[in-house]
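[1] Predicted model follows, preceded by the sequence.
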Amino acid sequence: MSAVGVVMLVHTALERAEQVARHWTASGCPVVIHVDRNVPKIINDAFVRSCASDPLITFSQRHRCEWGGWGIVAASQSASEQLLENYPDVRHVYLASGSCLPLRPVRELIDYLDARPHTDFIESAATADVPWTVGGLDHERFTLRFPFSWKRQRKLFDAYVRLQRRLRVRRRIPEGLVPHMGSQWWCLTRQTLSAILQDPRRKTYDRYFRRVWIPDESYYQTLARLYSANIESRSLTLSKFDYQGKPHVFYDDHLQLLRRSDCFVARKIWPRADRLYQAFMTDEAHAMKRAEPNPGKIDRVFGKAVERRTRGRPGLCMQSRFPRKGHENGLTAQPYSVFQGFSDLFEDFERWLNKTTGARVHGHLFGPDRVAFAGGDTMINGVLTDSAGLRDYDPAAFLTNLIWNTRGERQCFQFGPADNQKINDMLARDSNARISIITGAWAVPLFRSNRSFGDLRKEAAHLQRIESKQIDFLRTEKTKARLQIWSMAEFVESPMEPIQALIDEIGPASARHLSEAPTMVDLTGFGQFLQNLKNQGMHPYLMGDFPVEKQPPAQSKPARKPYLVR
Amino acid sequence: MRLRRKRRIIRCLRRSKDLVSVRNNTAAIKPNDVLLVSTVRNEKIRLPYFLRYYRDLGIDHFLFIDNDSDDGTLEFLGSHPDVSVWYSNKSYKRATYGVDWTNYLLRTYAHGHWTLTIDPDEFLVYPFCDSRPVQALTDWLDNIGVRSFSSMLVDVYPKGRIDETPYREGQNPLEIANWFDSGNYTISKNHAYGNLWIQGGPRCRMFFSDNPKKAPALNKIPLVRWDRRYAYVSSTHALLPRGLNQVYDETGGEKASGVLLHTKLIDTFSAKAEEELARNQHYAASSEYKAYAQKLREQPVFWSKWSEKYINWRQLEILGLMSKGNWA
């Protein structure tokens, strides 16, 4: 007979429970099983019969167990009492469930506990100090009453909580108790456990905890603090919880992960995880060579799952992640740059920018006729095509997809008043957008074109109207995008400083200074062109002040000469 | 909505007279079995592999509706102990494109069961499907109190022309068609039923670039813990009651989801498109099939250098087409 006894709470997968129980008894640990009252009598009877051949397995008085209710505590109380009474040699009681699986040979656990005869292993933390709880009920689970089932009577449950909050009803916590919480799976010494069970005030405590929310996570955890001389606040049972407080389940493919656990027992195991049961339910001789414990790895795997479920991957829209406006947690996957007016003002700006920064530089992605992907491609990552029709069906999705598909590579694209303006709303709200606008630069291609002046005038008025509206829109306070706007005159006067800043922002590789500046188009006569528009009654104002003289002020010589900044 | 749901149920009961039971093995269904329901027409060539794939996933019982096949489908299906078959020679269109028949079988045999409603060219891929049977998924969904599981259609296509490699009976169609589009899908919310409406993929870019609104819907909710009060509304795109369509998170998180690899675009497609066009039994006066038949005569190639080659579910999850959600 070993000094370790097991209390096992069972409600489903009874064959597995029996298998595990027999595994415990094979090493001499007596097992007291509590079968949930909700299990039908016929099934329970068959289970009891099939375990009858093992004298170390006994069954305790049955209680009805419901998640979050008192039943589970009552069950562990009866079973523990029975165990302590019937097996006087037992020094440590291990509380386990039917879906627990010993990860190490039982012998190791026995030895481990033998070496620590007075230690209680129970995770027990003061409520104020831990953020574990789900649903906002942390301290309140001790000060409100919870007569309704969370699972079956959710509306009543919530309503009653609200009512108590409104009426400011508070329960008094019995004197001497300091609420503690922790994993419901513990391993207590006979001393501590019997002190809890034989406490003269047990009736008071039980009455109090009967109406506490999820008492199995706080009853022993709180009371152990009264009696235990030596609490080690951790559970010997590995158990991971999802964001709703439901335990994660282990499957066959977790085998390698579980081998790296430093815990003695794991829960919950999927009942049909044959490989796990096979691998761990062997005697010492056949036990696998254990891997170096690395519980951090297990934490990471399950921590990531919670993160994925609650925050998701920024910039991803898909069948099971479709955030409402304002809940996107990042509209796009990564930063990107939008240039407006640059390709009008500089010769071959896209090629230059690509060469300087290494980023992928597209033309007018939202151009009217087609999507101008970098290099004139007709398709791009993710098989996005250059069809303007497909793009305009949902421009925001097009951009989200583009940025998602090209994760890891910086994207830049040109924009302008002739392009699809529907994307502005998204650009403004997206904190990943880096928008740089030279206002009025759209006039340059008009100025250089050969079209009749009547057309030009009309076109200029049209573009100016759009751009002015766009700027007003982007300049509202709600804009999260990083926005920089220069008037054309302002920019032409000293172009290099802003360009250097833009380059620095894009490429970490460009710690170097610019060796080659982009070539500005020849603006000789631009001032006169603007004056002509004015003379026709169309006042171009977005580009700032350009004198009518032959040359813009900053460009003393013909503008071909590149600027060099060293 | 309640009325609409009732109407669907009444319709399915009325259309149930179309169905003739050919082989009924449903007595063998045990309480926790996972079922599969499918409507087929002249799919004998696909069925052997289909059955193998889903048996391997852990489906316990298959329920088929044979819509007047003449290629021996019925005889083939009638010879398996885990398959039950019904036959109908009535109009597919009048049965709301098969939905009424499916709803009837679901209502009659699937109450309380996790049930996969699927076409014979669709192959379900869910997180961890290479190491966990479908019962692991359904047990987990039960555990967290979820009743329906989303799996969008992802069209797979071959590298060359689709008629280049003929499909052999029993063959895994993914051997022929294993390329797909990874990132050109658009999503909008259907406020009537609360489901998402997903479009895009190769069929959209090849056939509907002038009129993307008409492109086929790719959102599907094929796996449901069925209750006799439930009803599919249009194919498996949406269900009633509406809560079942809430398979997506709206606050930024990801729910778990899978993918239906849609192996329609193999060499059986052209013939099928012509046949379906002639029958005119499909949605919106078969406009989808009209577009297909016309373009298919030009022998299009769906493949591009940006296509992704299918490897496994992890790849689909990294690409963001499906998610593990909270399952680990």
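    Received, thanks.

[2] Surely A:Gln61 touches A:Ser78?
    Yes. Contact criterion Cβ atoms under 8 Å: A:Gln61 and A:Ser78 qualify, at 4.6 Å. Every residue, glycine included, has its C-beta placed from N, CA and C.

[3] Point me to the residue of chain A nearest chain B.
    A:Gly382 (2.4 Å; Cβ to the nearest Cβ).

[4] Now do the buried residues in stretch A:239-246.
    Neighbour counts over stretch A:239-246 (16 or more other Cβ atoms under 10 Å in any protein chain shown) mark A:Ser239, A:Lys240, A:Asp242, A:Lys246 as buried.

[5] Now do the same contact list for the residue of chain A closest to chain B.
    A:Asn401, A:Leu402, A:Trp404, A:Asn405, B:Asp181, B:Ser182, B:Gly183, B:Asn184, B:Trp306 (Cβ atoms under 8 Å, 6 or more residues apart in numbering or on different chains).

[6] quick one on the thing from earlier: show me whatever sits in contact with both of A:Gln61 and A:Ser78.
    A:His34.

[7] Count the residues that sit near residue 155.
    In the absence of a named chain, chain A is used. Residues lying near A:Lys155 (other Cβ atoms under 10 Å in any protein chain shown) number 8.

[8] should've been chain B
    Using other Cβ under 10 Å, the number of residues around B:Asp155 comes to 24.

[9] Confirm that it sits in a helix.
    No. Under DSSP: H, G, I helix; E, B strand; the rest coil, B:Asp155 falls outside any helix and is assigned strand.

[10] For chain A, what's the nearest residue on chain B?
    For chain B, Cβ to the nearest Cβ, closest residue to chain A: B:Gly183, 2.4 Å.

[11] And the pLDDT for the residue lying closest to that residue once chain neighbours are set aside?
    Using Cβ to Cβ, 6 or more residues apart in numbering or on different chains and skipping the chain neighbours, the partner closest in space to B:Gly183 is A:Gly382 (2.4 Å). Looking at A:Gly382, its pLDDT reads 92.

[12] So A:Gly382: helix, strand or coil?
    Note that with three-state DSSP, the state of A:Gly382 is helix.

[13] Relative to B:Asn184, how far out is it?
    Distance check for A:Gly382 against B:Asn184: by Cβ to Cβ, to the nearest Å, it reads 5 Å.

[14] Overlap of the contact sets of the two?
    A:Asn401.

[15] by contact count, what packs against the helix or strand where B:Tyr289 lies?
    Using DSSP states H and E, B:Tyr289 falls within helix B:283-296. In terms of contacts (3 or more Cβ pairs under 8 Å, 6 or more residues apart in numbering or on different chains; DSSP states H and E), helix B:283-296 is packed against helix B:201-207, helix B:268-279.

[16] Give me the residues contacting the longest one.
    Read that as helix B:268-279. Applying Cβ under 8 Å, 6+ apart, the set of residues contacting helix B:268-279 is B:42, B:45-46, B:92, B:162-163, B:167, B:264, B:282, B:286, B:289-290, B:292-293, B:296-297.

[17] quick one on the thing from earlier: go through the helix holding B:Tyr289 and flag the buried ones.
    Neighbour-count burial for helix B:283-296, counted by 16+ other Cβ under 10 Å, picks out B:Ser286, B:Glu288, B:Tyr289, B:Lys290, B:Ala291, B:Tyr292, B:Ala293, B:Leu296.

[18] Find the nearest non-adjacent residue to the fourth one, please.
    The one in question is B:Lys290. Counting by Cβ to Cβ, 6+ apart, B:Lys290 lies nearest to B:Leu277, which is 6.2 Å off, once chain neighbours are set aside.

[19] What about that neighbour, how many residues nearby?
    For B:Leu277, using other Cβ under 10 Å, the count is 18.

[20] distance of it from B:Glu288?
    For B:Leu277, the distance to B:Glu288 - Cβ to Cβ - is 10 Å.

[21] Can you check which residues contact both of those two?
    Overlap of the contact sets of B:Leu277 and B:Glu288 (by Cβ under 8 Å, 6+ apart) is empty.

[22] Excluding chain neighbours, give the residue nearest to A:His254 in space.
    A:Leu276 (7.2 Å).

[23] quick one on the thing from earlier: quick one: average pLDDT of the helix holding B:Tyr289?
    72.

[24] how big is the angle separating that helix from helix B:268-279?
    Relative orientation of helix B:283-296 versus helix B:268-279 (axes from the mean of the first three to the mean of the last three Cα atoms, to 10 degrees): 130 degrees.

[25] what about helix B:283-296, distance to the chain center?
    Its chain's average C-alpha position is 19 Å from that of helix B:283-296, according to Cα atoms, centre = their mean, to the nearest Å.

[26] neighbouring contacts of that helix?
    Residues contacting helix B:283-296 (Cβ under 8 Å, 6+ apart): B:97, B:162, B:203, B:206-208, B:214, B:216, B:234, B:269-270, B:273-274, B:276-277, B:279-280, B:282.

[27] Strands along the stretch 51-200 of chain B, start to end?
    Per DSSP state E, counting those that start in this stretch, the stretch 51-200 of chain B carries strands over the ranges B:61-67, B:83-88, B:114-117, B:122-125, B:148-149, B:151-157, B:179-180, B:185-189, B:196-200.

[28] I'd like to know which of those strands lies nearest to A:Arg171.
    Set against A:Arg171 and scored by Cβ to Cβ, the strands of the stretch 51-200 of chain B come closest in strand B:148-149, at 39.6 Å.

[29] That closest one packs against which elements?
    Helices and strands touching strand B:148-149, by 3+ Cβ pairs under 8 Å, 6+ apart, are strand B:223-225.

[30] Can you tell me the strand partners of the strand it packs on and which way each runs?
    Take DSSP bridges as the rule and strand B:223-225 pairs in its sheet with strand B:114-117 (antiparallel), strand B:148-149 (antiparallel).

[31] pLDDT on the last one, on average?
    In this model, strand B:148-149 has a mean pLDDT of 95.

[32] And stretch A:475-482, by the same measure?
    Rounded mean pLDDT across stretch A:475-482 is 87.

[33] Please apply the same query to stretch A:191-208.
    Rounded mean pLDDT across stretch A:191-208 is 91.

[34] Please name the residues that touch A:Leu223.
    By Cβ under 8 Å, 6+ apart, the contact set of A:Leu223 is A:Leu177, A:Ile196, A:Asp199, A:Tyr205.

[35] Out of these, grab the one that's most surrounded.
    That'd be A:Ile196 among these, by other Cβ under 10 Å, with 21 neighbours.

[36] Need the contact partners of the helix or strand hosting A:Ser76.
    A:Ser76 belongs to helix A:71-86 when assigned by DSSP H and E. Contacts to helix A:71-86, defined as Cβ under 8 Å, 6+ apart, come from residues A:5, A:7-9, A:30, A:32-34, A:36-37, A:58, A:60-65, A:90, A:93, A:95, A:184, A:190, A:193-194, A:197, A:209, A:215-216, A:219-220.
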